[in-house]
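Engineer: Fold the stuff below for me.
(2 chains)
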Amino acid sequence: MLKREKRYRKKPNLAIYSLTSCAGCQFSLLFLKDELVDILNNFDVVRFPMVQEINDIGPFDITLVEGSVTTKKEIKELKDIRKKSKILIAFGTCATYGGIPAIKNFLDITEVEEEVYENPAVIRSIRATGISDHVKVDYFIRGCPAIREETVRILKDLLVGKRPKQIDVPVCYECRAKGNECLLQKGEPCMGPITYGGCDAVCPTRGIICHGCRGPLPDANIAMEVKLFREYGIKMKDIKRFFRMFAGTSRFFAKYLETKK
Amino acid sequence: MTRKIHLEHIAKIEGHANLSVKIEDGKVKKCSLNVVEGARFFEAIVRGRKYDEVSILTSRICGVCSVIHAVTALNAIENAFNVKLSKQTRLLRELLVLGGTIQSHVMHLFFLALPDYKGYHSAIAMAEKNKKVISDALQLKSLGNDIVTIIGGRDIHPFTSVPGGFSRAPTEKEVAYLLKRLKSSRKMFLDAVKLFQSLRYPKFSRETEHYALTPAQYGFLGGKIMCVGKKCIPTFTYDKHFQEKIRIGSTAKFVVEAGREYMVGALPRINLNYDKLSPKVKKLVNWKRPSYSPYLNNIAQAIEMVQCAERCIEILSNNKFRKEKLPEIKPKAARGVAVNEAPRY
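Structural biologist: Numbering: from 1, shown residues only, chains lettered A, B, ... in the order given. Have a look, this model is predicted:
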């Protein structure tokens, strides 16, 4: 409590912004059970347009930004958000890496636009990225959707003046602790070994391979993973497709994926 | 005198939209709603993907109703490859979609709509003076989430449903837990109907084309595409009837049938499928059908939640679930179509 008094004289205010996204990360906040009440008691949620009418324009102590940047207007908005936020958090995989909207970065953009819009002139879409391509980001909450335990932990840490720690173990760490049968050893292309843990290995625990929604760890042995996939008879183009699902823009994949601008 | 109203970023909706209204001499001359969020190009990014990756992508179309976007992609792929689904898979898919519908309806009714009718700026602000209502809302929301989590693996973007079936089946303990939660929530669902029936709605009715699917029993999966008072549209050639239109300033497309806009959602579903509602639920529908007041959609959603909960209880009480082997899938070049009902606001 003492530390909190030191850091915040009154309740810190919290703002939620949403760029191009499915809104799932914002929803994950509302899907909290008892912790939602804790958050409401300890923070002034001054901006959350999806669920409230009255929304402040800043300045903010802590800002969560959901979604990827896909328009020039969003870059401008994001820079403004950065200016008025003491702590800026990328909220979810879209805000961290560009997420699923960034798959288009690896495709022929004219083909992509013409497939969807008869008249692509109405769309002013730019290369989809996470928010850290445009502004300094203080913390990242990864996951598609964001893992709510992680969101709560980071908010609580900030509340008491503690520096939130980044999870630095792969999905396999939690998966093995649960005693799950290893899907990778069974010959399935599981991304568990190279992906940020913290999700309680939710997919492999239920028999589904990790698709890497939390992005690659900085010290992941991606070369080894690629080698193993190749040994399983998976073609390089299919491996690239795997990597380009959630976090294709990560620089740790760059060596394996050439980027079309 | 001309007045212009321009609202940037309407609050309490999912997504980003602007509203502009032009008023001349007290009469509304022009009113337009533009969806301004960035384009995500789902139709293009699923191209070239392996068949079992498509539902993972389409799920991300919407974080509120992710279930139906995932399930519909699975159905389309299964239809293209002629995959026969087991009875258990069909029931689990139905449960998943019922849970997803409860999730979405609770969200819309209590968190997006209700505060406006009660004069509060948010559901959170309502909580102090309306403790029971908000506590009920939170419980119903967590019930919807529990159904989707237990059947689908996670409450947002569920993933255990794959082409041909499920990667796991709910355990006996999980089924018993859901049944207990559903049965003890019956009164809360009925209270929700009463609450939304008691609100004061503007008197407004304008004949609209109401479209809904008409599956054999009240539900959200498959069936023929029907419109009140019109002949049915075959699913396989749906795209000959429904066209997507682009409007400058809006990234979302507008869909028209024979050049006309139409409505889908809870009210059209009840208008078209009233006979299939369970007898208890029928009694809750207290308006003359078909009704065209868009405000009734809220009551229709509340009523649908009762129907969903009762159907969940029916499925969970009458069936035993066990882990099933997935059918073999032979991918081939083919066209597959699936049409399902999204919960819709």
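Engineer: which residue does chain B bring closest to chain A?
Structural biologist: Of the residues in chain B, the one nearest chain A is residue B:63, at a distance of 2.5 Å by Cβ to the nearest Cβ. The C-beta positions use only the backbone N, C-alpha and C, and glycine is treated the same way.
Engineer: OK, contacts around that residue?
Structural biologist: In this structure, residue B:63 makes contact with A:21-28, A:145, B:14, B:156-157, judged by Cβ atoms under 8 Å, 6 or more residues apart in numbering or on different chains.
Engineer: worst-scoring helix or strand of chain A, pLDDT-wise?
Structural biologist: Of all the helices and strands that make up chain A, the one with the lowest confidence by mean pLDDT, DSSP states H and E is helix A:2-7; it has a mean of 46.
Engineer: neighbouring contacts of the helix or strand following that helix?
Structural biologist: On the C-terminal side of helix A:2-7, the nearest following helix or strand under DSSP states H and E is strand A:13-18. Contact partners of strand A:13-18, identified using Cβ under 8 Å, 6+ apart, comprise A:26, A:29, A:39, A:43-50, A:56, A:58, A:60-67, A:77, A:81, A:85, A:91, A:155, B:16.
Engineer: Show me what the next helix or strand after strand A:13-18 is in contact with.
Structural biologist: Along the chain past strand A:13-18, the next helix or strand (assigned with DSSP H and E) turns out to be helix A:24-30. Outside of helix A:24-30, the residues that reach it under the criterion Cβ under 8 Å, 6+ apart are A:16, A:18, A:36, A:39, A:48, A:50-51, A:64, A:66-67, A:91-92, A:94-95, A:141, A:144-148, A:151, B:60, B:62-64, B:66, B:107, B:111, B:141, B:156-157.
Engineer: So chain B: which segments form each domain?
Structural biologist: Here the domain assignment for chain B is B:2-35, B:42-318, based on automatic domain parsing.
Engineer: what sits against the nearest residue to residue B:182 once chain neighbours are set aside?
Structural biologist: Taking Cβ to Cβ, 6 or more residues apart in numbering or on different chains as the measure, residue B:182 lies nearest to residue B:313, with 5.1 Å between them; neighbours along the chain are not counted. Under the criterion of Cβ under 8 Å, 6+ apart, the contact list for residue B:313 reads B:179, B:182-183.
Engineer: Put together JSON lines for the contacts of residue B:63, with distance to residue B:260, pLDDT and neighbour count on each row.
Structural biologist: JSON lines is the format used below for the contacts of residue B:63 (distance: Cβ to Cβ, whole Å; pLDDT from 0 to 100; neighbours: other Cβ atoms under 10 Å in any protein chain shown):
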{"residue": "A:21", "distance to residue B:260": "31", "pLDDT": "94", "neighbour count": "31"}
{"residue": "A:22", "distance to residue B:260": "29", "pLDDT": "94", "neighbour count": "31"}
{"residue": "A:23", "distance to residue B:260": "29", "pLDDT": "93", "neighbour count": "21"}
{"residue": "A:24", "distance to residue B:260": "33", "pLDDT": "94", "neighbour count": "27"}
{"residue": "A:25", "distance to residue B:260": "36", "pLDDT": "96", "neighbour count": "31"}
{"residue": "A:26", "distance to residue B:260": "34", "pLDDT": "93", "neighbour count": "27"}
{"residue": "A:27", "distance to residue B:260": "33", "pLDDT": "90", "neighbour count": "26"}
{"residue": "A:28", "distance to residue B:260": "38", "pLDDT": "92", "neighbour count": "23"}
{"residue": "A:145", "distance to residue B:260": "37", "pLDDT": "96", "neighbour count": "29"}
{"residue": "B:14", "distance to residue B:260": "25", "pLDDT": "79", "neighbour count": "22"}
{"residue": "B:156", "distance to residue B:260": "34", "pLDDT": "96", "neighbour count": "28"}
{"residue": "B:157", "distance to residue B:260": "34", "pLDDT": "97", "neighbour count": "25"}
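Engineer: Among those, which pair sits farthest apart?
Structural biologist: Spanning the widest gap among the contacts of residue B:63 are B:14 and B:157, at 14.9 Å by Cβ to Cβ.
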